[in-house]
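# sequence unknown, structure follows:
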């Protein structure tokens, strides 16, 4: 099984992650849209409003975990040791990538773009699950 190829396919097809944080022993998970650029292996982007609870959690603990959410089937990518930080990129820098993945995001950017903050998650070790028999890990 070519897990690197499957990783790229999954990251290109799936548009949501379940993003987990933990502060003071209190875990929290939420679903967010994400942007993945093929030439930026090991980094995904997402946007949020600055007054969101997750922003406060990132300031207290930058360690995060996530899993992509399959649209169908079981194929997904899981990261256990990611690091989140505010990105140098703006939503306008990533506008085309977000809209290509999530066409309705154009309206969000148009209506609230000036209030959105882009964060990025950097990761190096990935678990790739294709189905119940094909599960592998890789490092990028």
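Thanks, I have the structure now. All of these numbers come straight from a predicted model, not from anything done at the bench.
# Report all helices and strands that the strand of greatest length in the chain contacts.
Selection of the longest strand in the chain by residue count, based on DSSP state E, yields strand 76-86. Secondary-structure packing of strand 76-86 (3 or more Cβ pairs under 8 Å, 6 or more residues apart in numbering; DSSP states H and E): helix 3-13, helix 53-60, strand 63-68, strand 116-122, strand 125-129. Placement of C-beta: from N, CA and C, glycine included.
# Tell me if I'm right that residue 50 and residue 114 touch.
No. Assessed by Cβ atoms under 8 Å, residue 50 is found out of contact with residue 114, at 10.9 Å.
# Look up the closest residue to residue 106, ignoring the ones flanking it.
residue 99 (4.9 Å; Cβ to Cβ, 6 or more residues apart in numbering).
# To clarify, my last question referred to residue 41.
residue 140 (4.7 Å).
# Same question for residue 136.
Nearest one to residue 136, counting by Cβ to Cβ, 6+ apart, is residue 3 at 4.2 Å.
# any idea how far the one you found lies from residue 10?
Note on residue 3: its distance to residue 10, by Cβ to Cβ, to the nearest Å, is 10 Å.
# Likewise for residue 76?
Applying Cβ to Cβ, the value for residue 76 to residue 10 is 6 Å.
# Pull the residues that contact the longest strand of the chain.
Outside strand 76-86, the residues within contact range by Cβ atoms under 8 Å, 6 or more residues apart in numbering are 7, 10-11, 14, 58, 62-70, 117-129.
# could you give the angle of the host helix or strand of residue 31 to strand 116-122?
Residue 31 is located in strand 26-33, with elements delineated by DSSP states H and E. Per axes from the mean of the first three to the mean of the last three Cα atoms, to 10 degrees, the angle that strand 26-33 makes with strand 116-122 is 110 degrees.
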